[in-house]
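Q: coords please:
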Amino acid sequence: MSWLHDTLEAIFAVLVWPSAIYFLLANTSMLVLILIAARHFARYLGHSAHRGEDAMAASPVSLGVSVIVPAYNEAAVILTSVRSMLDLRYPDHEVIVVNDGSTDDTMRLLQDEFGLVEDERDVPGRIPVRGAVRGIWRAESGGVPLVVVDKENSGGSDSLNLGIDLASKELIVRVDADSIIEPDALLSVSRPFADDPDRVVATGGVVRIVNNSRVLGGRIVELRMPKQLITRIQVVEYLRAFLLGRTAWSDLNALILISGAFAMFRRDVLIEMGGLDPDSIGEDFELVVRIQRWIRDGRRDARVEFVPEPVSWTEAPETLRVLARQRRRWHRGLWEVLWKYRSMLLNPRYGRVGMLALPYYWLFELLAPLIEIVGIVLVVAGLLVGAVEPGAALLLLLVSYGYGTLVTLAAVLVEEASFHRYERWRDLGSILAAVLAESIGYRQLTAVWRIQGWWAALTGRKQVWGEMTRSGFAGAAASVGAGEAERRD
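A: Residues are numbered from 1 along each chain as shown. So this is what the prediction gives:
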């Protein structure tokens, strides 16, 4: 086995310092983003008393908002979600639910709850739509601004395109059916449009995890940490990536990803661009990168912003099987979008998006799981055959997992100091425990799943949308049902 010893020793000698530098740069880059976000939070919260949301809520000239909700087999959560969206504090908004060929009781629950009657409106046809429309319905009560569209199954992106085509308001919000939106969320996420209507074309809001929290009437009445460890770790991930990371990229005017679970766009821009790409796995990522390219190709004075306070609460996967499917899909979507827009990479024409954001996503998002798993395999094999010095292995462990844990801890502390969402000390203790647990098994599993998603894309395997089990919101009304619903994840 001397050949194996010599081979691993030679490989490790070549890669040890580049690997250490890579993980050092990756973690330091995230730490810099966290510090930029912390500065942004300080400014944002310092002006919170002067944002004028009460005036916006009462203003008859605020831009109208169409909230579009694609729904596929969401019987467990659909009524709670729709009620919360109808009750949003905003002077002029409508809710458009697009039932994407559900095979459960989603459509029946909506009909029974809101007394739906047929609507004779026509589909304008400004955006191509694949799924045939089976019927358009509206709430029987004229005071309930709800439209429900029943269509053949054709995917979430196609359903959103149909909702955009039917929308009557100037701004579009796309929201997942399994989400709960905070009462003032529309006021907050639309604030940039009111402040700078000529430049802002899209905004994103925060997505947080609702698992195990108590929900009544479409509102969270008691926020709790999830029971499962893997879901608690996802809370930490969402804080680091969805809140702090995107806040920082927005501050740098280089935001290329806002979550499809809660995002707002100018309707005229979406129509001009032809809506979402129904063939894209990472459709929300693809749309924002396409908007950034549209802005810079046309030399438009426009921007995409992230607002750190309005919150959309969503159920996260509670099993390894479902989480694995989600992460494979996310990484496959990341690869497909980055490859599709590779001409923007390191292209000065695209400013900070091309010179900063896209290189970051290539280096520290796309390649990270491959580098991590290769490094683990080499270190473990090298240690077993005596080809790797324990001191060198410890160095890599410290700069990758040790430093990474400290960076994640910094993210949690910044979020807690800024927004203090979790009131119970035991919940804060659970978050800190999740920070430590993330590096022990969880990160390695997700790295493997992400590589599998990437490999599936490279080998041309067809993307299969699995089932995402939904247990419903704890404490929600009985009409939602206690059984599980499943949707395409």
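Q: what packs against the helix or strand containing residue 378?
A: Assigned by DSSP states H and E, residue 378 belongs to helix 368-385. Secondary-structure packing of helix 368-385 (3 or more C-beta pairs under 8 Å, 6 or more residues apart in numbering; DSSP states H and E): helix 2-46, helix 390-397, helix 443-458. Placement of C-beta: from N, CA and C, glycine included.
Q: Give me the distance from stretch 182-189 to the chain's centre.
A: Centroid displacement of stretch 182-189 relative to its chain, using C-alpha atoms, centre = their mean, to the nearest Å, is 17 Å.
Q: swap in stretch 343-352?
A: On C-alpha atoms, centre = their mean, the centre of stretch 343-352 falls 24 Å from that of its chain.
Q: Repeat that for stretch 395-413.
A: For stretch 395-413, the separation from the chain centroid amounts to 23 Å (computed by C-alpha atoms, centre = their mean).
Q: what comes up buried for it?
A: By 16 or more other C-beta atoms under 10 Å, the buried positions in stretch 395-413 come out as 395-397, 399-405, 407-408, 410-412.
Q: Can you give the contact residues for stretch 365-384?
A: Contact with stretch 365-384 is made by 4, 8-9, 11-12, 15, 19, 22, 26, 331, 334-335, 338, 387-388, 390, 393, 396, 400, 443-444, 446-448, 450-451, 454, as judged by C-beta atoms under 8 Å, 6 or more residues apart in numbering.
Q: Need the buried ones from those residues selected in PyMOL.
A: The following PyMOL line selects those of those that are buried, judged by 16+ other C-beta under 10 Å:
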select buried, resi 8+9+11+12+15+19+22+26+331+334+335+338+387+388+393+396+400+443+446+447+448+450+451+454
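Q: can you tell me how far residue 386 sits from residue 123?
A: 69 Å (C-beta to C-beta, to the nearest Å).
Q: scratch that, residue 129
A: 7 Å.
Q: Kindly report the same for residue 245.
A: Distance, residue 245 to residue 123, by C-beta to C-beta: 38 Å.
Q: more crowded one of those two?
A: Shown here are residue 245 and residue 123; by other C-beta atoms under 10 Å, residue 245 has more neighbours (22 against 14).
Q: I'd like to know how many residues surround the spatially closest residue to residue 70 that is not a sequence neighbour.
A: Nearest residue to residue 70 in three dimensions, chain neighbours excluded: residue 159, at 3.7 Å (C-beta to C-beta, 6 or more residues apart in numbering). The local packing of residue 159 (other C-beta under 10 Å) involves 30 other residues.
Q: is it true that residue 159 touches residue 101?
A: No. Between residue 159 and residue 101 there is no contact under C-beta atoms under 8 Å: 9.1 Å.
Q: quick one, strands of the stretch 51-200 of the chain?
A: Secondary structure of the stretch 51-200 of the chain (DSSP state E, counting those that start in this stretch): strands at 65-71, 93-100, 116-118, 133-139, 146-151, 171-175, 179-181, 200-209.
Q: In terms of mean pLDDT, which of those ranks lowest?
A: Across the strands of the stretch 51-200 of the chain, the stretch with the lowest average pLDDT is strand 179-181; it has a mean of 85.
Q: Quick one: list the elements packing against that strand.
A: Packing partners of strand 179-181 (3+ C-beta pairs under 8 Å, 6+ apart): helix 78-86, strand 303-314.
Q: let's see 10 Å
A: Where contact means 3 or more C-beta pairs under 10 Å, 6 or more residues apart in numbering; DSSP states H and E, strand 179-181 is packed against helix 78-86, strand 200-209, strand 219-222, strand 303-314.
Q: Look up how far residue 37 lies from residue 444.
A: From residue 444 to residue 37 the distance is 27 Å (C-beta to C-beta).
Q: Next up, the contacts around residue 174.
A: By C-beta atoms under 10 Å, 6 or more residues apart in numbering, the contact list for residue 174 reads 66-70, 156-157, 159-160, 163-164, 258-265, 270, 276, 283-284, 287.
Q: low pLDDT regions in the chain?
A: In the predicted model of the chain, residues 1, 48-61, 463-489 satisfy pLDDT under 70.
Q: Might you calculate how far stretch 394-411 sits from the centre of the chain?
A: Taking C-alpha atoms, centre = their mean, one finds stretch 394-411 lying 24 Å from the centre of the chain it belongs to.
Q: Kindly check the end-to-end length of that stretch for me.
A: Start-to-end span of stretch 394-411 (C-alpha to C-alpha, to the nearest Å) is 24 Å.
Q: picking up where we left off before, export the helices and strands packed on strand 179-181 to CSV and append columns for distance to residue 249 and mean neighbour count.
A: Below are these laid out as CSV (distance: least, C-beta to C-beta, whole Å; neighbours: other C-beta atoms under 10 Å):
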stretch, distance to residue 249, mean neighbour count
helix 78-86, 27, 24
strand 200-209, 10, 25
strand 219-222, 27, 15
strand 303-314, 7, 23
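Q: Columns distance to residue 321 on top of the ones you listed, output as JSON lines?
A: Below are the helices and strands packed on strand 179-181 laid out as JSON lines (distance: least, C-beta to C-beta, whole Å):
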{"stretch": "helix 78-86", "distance to residue 321": "24"}
{"stretch": "strand 200-209", "distance to residue 321": "18"}
{"stretch": "strand 219-222", "distance to residue 321": "27"}
{"stretch": "strand 303-314", "distance to residue 321": "18"}
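Q: among these, which is nearest residue 235?
A: Proximity to residue 235, assessed across the helices and strands packed on strand 179-181 by C-beta to C-beta, is greatest for strand 200-209 (5.0 Å).
Q: Which SSE is immediately downstream of the closest one?
A: Downstream of strand 200-209, the next assigned helix or strand under DSSP H and E is strand 214-216.
Q: So for residue 6, what's the nearest residue that isn't a sequence neighbour?
A: In this structure, residue 6 finds its nearest non-sequential neighbour in residue 387, 7.5 Å apart by C-beta to C-beta, 6+ apart.
Q: for residue 170, same thing?
A: In space, and not counting its chain neighbours, residue 170 is closest to residue 63: 4.5 Å by C-beta to C-beta, 6+ apart.
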